[in-house]
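Q: how would this look folded up:
(2 chains)
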Amino acid sequence: AQKVTQAQTEISVVEKEDVTLDCVYETRDTTYYLFWYKQPPSGELVFLIRRNSFDEQNEISGRYSWNFQKSTSSFNFTITASQVVDSAVYFCALSEGYTGANSKLTFGKGITLSVRP
Amino acid sequence: EPEVTQTPSHQVTQMGQEVILRCVPISNHLYFYWYRQILGQKVEFLVSFYNNEISEKSEIFDDQFSVERPDGSNFTLKIRSTKLEDSAMYFCASSEGTSGQNIQYFGAGTRLSVL
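A: Numbering: from 1, shown residues only, chains lettered A, B, ... in the order given. Next comes the predicted model:
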């Protein structure tokens, strides 16, 4: 069965600090997708990034970067030079299987990030 | 930018009543989903829908729940006899359905309060 663990529950940083959000996943499938979503105080879920199991290349997109390591089943997400607007709950999620392209997302419990001015 | 829209934003109902939550997925998307989030907890999958039938459902999605795509644009979640524990935020999502593409885009949610 698939499982996503976000061991951090709350993180508080001062603006302009870098912050890394940890995610560890479990799956028996060799094909799967990993995601990060953001839930700001307004409540909606906003897609941030997606990675498939065949692509371990780590990338940077603006202030966001991610570190995908299959050897440790981790998919960590870093925000560089954090801003107050980054304050939100961040969810890591996993989908798997032969229909992995469109199968259900399994979410972690989320990490509440507070960025103080 | 296309988006998933959900109505109403907040629904208050009495225990035992039926509720219908409505969603308009992104127009060219083929897969539709419902998730729920009990206050302060993680987002949980309820059901996925493709080609006018349920493709996958969770243990939560029991006989009191049903989904329907009544026309070419709406996607609804019906709860037949609401219970107190059904109080949650319900999210609708949709994805393109093309091979290898699975970015599920979510609506802003409907907060259901069962009294």
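
Q: counting neighbours, what do you get for the closest residue to B:S9 other than its chain neighbours?
A: Spatial nearest neighbour of B:S9, chain neighbours left out: B:T110 (6.3 Å); criterion: Cβ to Cβ, 6 or more residues apart in numbering or on different chains. The way it works is simple: take the backbone N, C-alpha and C, and place the C-beta from them, glycine included. B:T110 has 22 neighbouring residues, counting by other Cβ atoms under 10 Å in any protein chain shown.

Q: any idea what B:T110 is bridged to?
A: Using DSSP bridges, the beta-bridge partners of B:T110 come out as B:Y90.

Q: kindly report the same for B:V43.
A: Applying DSSP bridges, one finds that B:V43 bridges with B:Q37.

Q: what about it, neighbour count?
A: With other Cβ under 10 Å as criterion, B:V43 counts 26.

Q: need the helix or strand of chain A with the lowest average pLDDT.
A: strand A:60-61 (a mean of 78; mean pLDDT, DSSP states H and E).

Q: related to what we said a few turns ago, so the residue nearest to B:S9 sits right up against B:D86, yeah?
A: No: look at B:T110 against B:D86 with Cβ atoms under 8 Å: they stay out of range, at 11.7 Å.

Q: how near is the residue nearest the centre of chain B to A:V24?
A: Ranked by distance to the mean C-alpha position of chain B (Cα atoms, centre = their mean), the top residue is B:W34 at 3.0 Å. To A:V24, B:W34 is 27 Å away according to Cβ to Cβ, to the nearest Å.

Q: and what of A:V13?
A: When A:V13 is compared with A:V24 (using Cβ to Cβ), they lie 21 Å apart.

Q: residues from chain B in reach of chain A?
A: With Cβ under 8 Å from any Cβ of the partner chain as the criterion, chain B comes near chain A at residues B:30-31, B:33, B:35, B:41-45, B:48, B:50, B:55-56, B:58, B:89, B:91, B:93, B:95, B:97-109, B:111.

Q: among the residues you listed, which are located in strands?
A: B:31, B:33, B:35, B:43-45, B:48, B:50, B:55-56, B:89, B:91, B:93, B:95, B:105-106, B:111 (DSSP state E).

Q: list buried residues within those.
A: Buried members of those, counted by 16 or more other Cβ atoms under 10 Å in any protein chain shown: B:31, B:33, B:35, B:43-45, B:48, B:50, B:55-56, B:89, B:91, B:93, B:95, B:105-106, B:111.

Q: is A:F107 in a bridge, and if so with what?
A: A:A93.

Q: if you could redo that for B:V67, that was the one I meant.
A: Beta-bridge partners, per DSSP bridges, of B:V67: B:L77.

Q: show the pLDDT at B:G72.
A: B:G72 carries a pLDDT value of 77.
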